[in-house]
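Chemist: Next one to model:
(2 chains)
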Amino acid sequence: MSKGVWVLADIVYWFFYIPLTALVVIALVTFPQGMFKSVVQPQVLEAKIAEHRLFNKVSVFDPFLGSRKVVRDDFRQAASLYLSEKPFAYRMSYDGEEYVGNRDFFDVAEPLAPIKYQKFVSERQLMKDGRKVSVKLEQVYPYEYDFE
Amino acid sequence: MMVKRLFWNRKGVDPSLFLEPLFVILIAAVVFSLLFARLHDIGSSTSFEKQFFAVDIALAVDSLQALKPGINARVEYLIPEFNVLLDDDSVLVYDSSPEDARKFWITRDNVLSIKEGSVPKNRRFSLFKSGNYFGIGDFDVNGVFCPEGRVDFKGSLDYDALSELGDSAVKIFSGDVSIYARAKETRPVLKVYFVGNSSLLACRIVKELKDEAIEGFAIVPLSAELVGPDDELAVLKEEESALFFDLPRSARDPLVRSRIGDVIRRILG
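Modeler: Numbers count the residues shown, from 1 in each chain, chains lettered A, B, ... in the order given. Have a look, this model is predicted:
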């Protein structure tokens, strides 16, 4: 075989087969890890649970009539939760009324969403003083929790 | 002899013929042993399972807190491999000691109180939300939820009237709110009728009394037009804020009467 063919074989060897092998090895290690991690990164589910929870909390509850689609008078207190160390924040607002849970994290994360953080927005129509108001909930979570 | 023939001829020895495959085999051996070691680590470690259970339990706890206030519910778990600890702000799942635990956070509600606890491995346990409580442990299906808020009524308890509790209604509390009671009902149920803004007070009292051999309860706003003149409930028509307790006959017991008195005194100062 000519020298040119050997040079080509060397190029293929170093620039194709070895990187390909490296790629396969990296994939074999990272795929299972990625699959495992995605199961324990439940931000979408958390956001849905928090949405139901917060809208329930700001709605009037009567021991006799149950929950009603009316915004409570103590909106800010109703929208508050005891927050843990979890990197998560939310803002609930309607008609100029606003409550922010974990404001420090919210101020940092909200402008960076959706690049660095995930943001979930939901809106519901509730009644207040006899008229319909739109109550908005914005939640921000990191894309990945650091469990290490 | 064979090896010699393979790599040697009259022109000499070409070392690359055996060094190159050797090099490739060596590199492949190193790479694959690292790969298998890593995969073995992933497969044999329990940290993923622990993390998974911690996340799962924490989400169940948060979901229970997301229920509408009047709903009581429980979720049963059995985790054979690990111990579980529910504390103030997180769920920990561990093998032998909390130091090797994996954790996930819960988000507590300021209206609900937590019942913390730990469960050893291989034991069935319940996560529950009942009334104003949530947590781990025994579930009370009849838990009563009362919204937050102040009960500001003032007045005095009439112990003599309370001691006469029987078929006929007696006024046991007078003041900003009036409380009437009778112990006529043959079934072990408690009905409370209210007028005015006394529903929260009714809820608080029922919550305290519901364990007194009562199987069910109802808090009902009184509709004045449905009350006939001979009905004892008619006493509420003249009141701004009042409660009428329709108690089971078991409430005639001096111990139960005394408990009713204690509860009312504690709630109304």
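Chemist: can you tell me which residues contact B:Val55?
Modeler: A:39-40, A:42, B:104 (Cβ atoms under 8 Å, 6 or more residues apart in numbering or on different chains). Any C-beta I mention is one placed from the backbone N, CA and C, and that applies to glycine too.
Chemist: which SSE is B:Ile57 in?
Modeler: Assigned by DSSP states H and E, B:Ile57 belongs to helix B:47-65.
Chemist: Centre of the chain to that helix, how far?
Modeler: In terms of Cα atoms, centre = their mean, to the nearest Å, the centre of helix B:47-65 is set 14 Å apart from its chain centre.
Chemist: among the contacts of B:Val55, who's most crowded?
Modeler: When neighbours are taken as other Cβ atoms under 10 Å in any protein chain shown, the top entry among these is B:Phe104 (27 neighbours).
Chemist: bridging residues for that residue?
Modeler: Legend: beta-bridge partners of B:Phe104 under DSSP bridges are B:Val91.
Chemist: For it, give me the pLDDT.
Modeler: In this prediction, B:Phe104 carries a pLDDT score of 94.
Chemist: What of B:Glu164?
Modeler: Note on B:Glu164: pLDDT of 85.
Chemist: ok, it touching B:Val170?
Modeler: Yes. Applying Cβ atoms under 8 Å, one finds B:Glu164 in contact with B:Val170, separated by 5.6 Å.
Chemist: can I get the contacts of B:Val55 in JSON lines with secondary structure and distance to A:Val29?
Modeler: Below are those laid out as JSON lines (DSSP: H, G, I helix; E, B strand; the rest coil; distance: Cβ to Cβ, whole Å):
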{"residue": "A:Val39", "secondary structure": "helix", "distance to A:Val29": "17"}
{"residue": "A:Val40", "secondary structure": "coil", "distance to A:Val29": "18"}
{"residue": "A:Pro42", "secondary structure": "coil", "distance to A:Val29": "24"}
{"residue": "B:Phe104", "secondary structure": "strand", "distance to A:Val29": "25"}
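Chemist: Give me the lowest-pLDDT entry from these.
Modeler: A:Val39 (75).
Chemist: Does that one touch B:Phe52 like I think?
Modeler: Yes. Counting by Cβ under 8 Å, B:Phe52 is a contact partner of A:Val39 at 6.0 Å.
Chemist: I'd like the average pLDDT over stretch B:242-253.
Modeler: The average pLDDT within stretch B:242-253 is 88.
Chemist: Show me the shaky parts of chain A.
Modeler: For chain A, the stretches with pLDDT under 70 are A:1, A:62-67, A:148.
Chemist: According to the record, where do the domains of it fall?
Modeler: A:1-39, A:42-142 (automatic domain parsing).
Chemist: hey, which of these is tucked in deepest?
Modeler: domain A:42-142 (a mean of 17; mean count of other Cβ atoms under 10 Å in any protein chain shown).
Chemist: Which of the three states applies to the spatially closest residue to B:Val170 that is not a sequence neighbour?
Modeler: Leaving aside its chain neighbours, B:Val170 sits nearest to B:Ala161 (4.3 Å; criterion: Cβ to Cβ, 6 or more residues apart in numbering or on different chains). Taken by DSSP: H, G, I helix; E, B strand; the rest coil, the conformation at B:Ala161 corresponds to helix.
Chemist: OK, contacts around B:Ala161?
Modeler: B:Ala161 makes contacts with B:170-172, as judged by Cβ under 8 Å, 6+ apart.
Chemist: Pick the one among the residues you listed closest to A:Ala78.
Modeler: Using Cβ to Cβ, B:Ile172 is the member of the contacts of B:Ala161 that lies nearest A:Ala78, at 33.9 Å.
Chemist: Okay, and the closest one sits in which element?
Modeler: Using DSSP H and E, the element containing B:Ile172 is strand B:170-175.
Chemist: packing partners for whichever helix or strand comes after that strand?
Modeler: Counting by DSSP H and E, the next helix or strand C-terminal to strand B:170-175 is strand B:178-185. Secondary-structure packing of strand B:178-185 (3 or more Cβ pairs under 8 Å, 6 or more residues apart in numbering or on different chains; DSSP states H and E): strand B:170-175, strand B:242-248.
Chemist: buried ones in the shortest one?
Modeler: By neighbour count, and taking 16 or more other Cβ atoms under 10 Å in any protein chain shown as the criterion, the buried residues in strand B:170-175 are B:170, B:172-173.
Chemist: Distance-wise, check the nearest residue to B:Leu233 once chain neighbours are set aside relative to chain A.
Modeler: Nearest residue to B:Leu233, sequence neighbours excluded (Cβ to Cβ, 6+ apart): B:Val227, at 4.9 Å. Separation of B:Val227 from chain A (Cβ to the nearest Cβ, to the nearest Å): 17 Å.
Chemist: what's near enough to touch B:Val227?
Modeler: B:233-234, B:236-237.
Chemist: Would you convert those into TSV that also reports pLDDT and neighbour count?
Modeler: Output for the contacts of B:Val227, formatted as TSV (pLDDT from 0 to 100; neighbours: other Cβ atoms under 10 Å in any protein chain shown):
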residue	pLDDT	neighbour count
B:Leu233	85	19
B:Ala234	85	15
B:Leu236	84	22
B:Lys237	81	14
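Chemist: Which members of these are the farthest-apart pair?
Modeler: B:Leu233 and B:Lys237 (8.2 Å).
Chemist: Could you tell me the angle between the helix or strand harbouring A:Pro32 and helix B:47-65?
Modeler: Applying DSSP H and E as the criterion places A:Pro32 in helix A:18-39. With axes from the mean of the first three to the mean of the last three Cα atoms, to 10 degrees applied, the angle from helix A:18-39 to helix B:47-65 works out at 30 degrees.
Chemist: contacts for helix A:18-39?
Modeler: A:144, B:28, B:31-32, B:35, B:38-39, B:42, B:48, B:52, B:55.
Chemist: Any quick PyMOL command for the buried ones out of these?
Modeler: In PyMOL syntax, the buried subset of the contacts of helix A:18-39 is picked out as below (16+ other Cβ under 10 Å):
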select buried, chain B and resi 38+48+52+55
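Chemist: For the contacts of helix A:18-39, point out the one with the lowest pLDDT.
Modeler: Ranking the contacts of helix A:18-39 by pLDDT puts B:Ile42 at the bottom, with 74.
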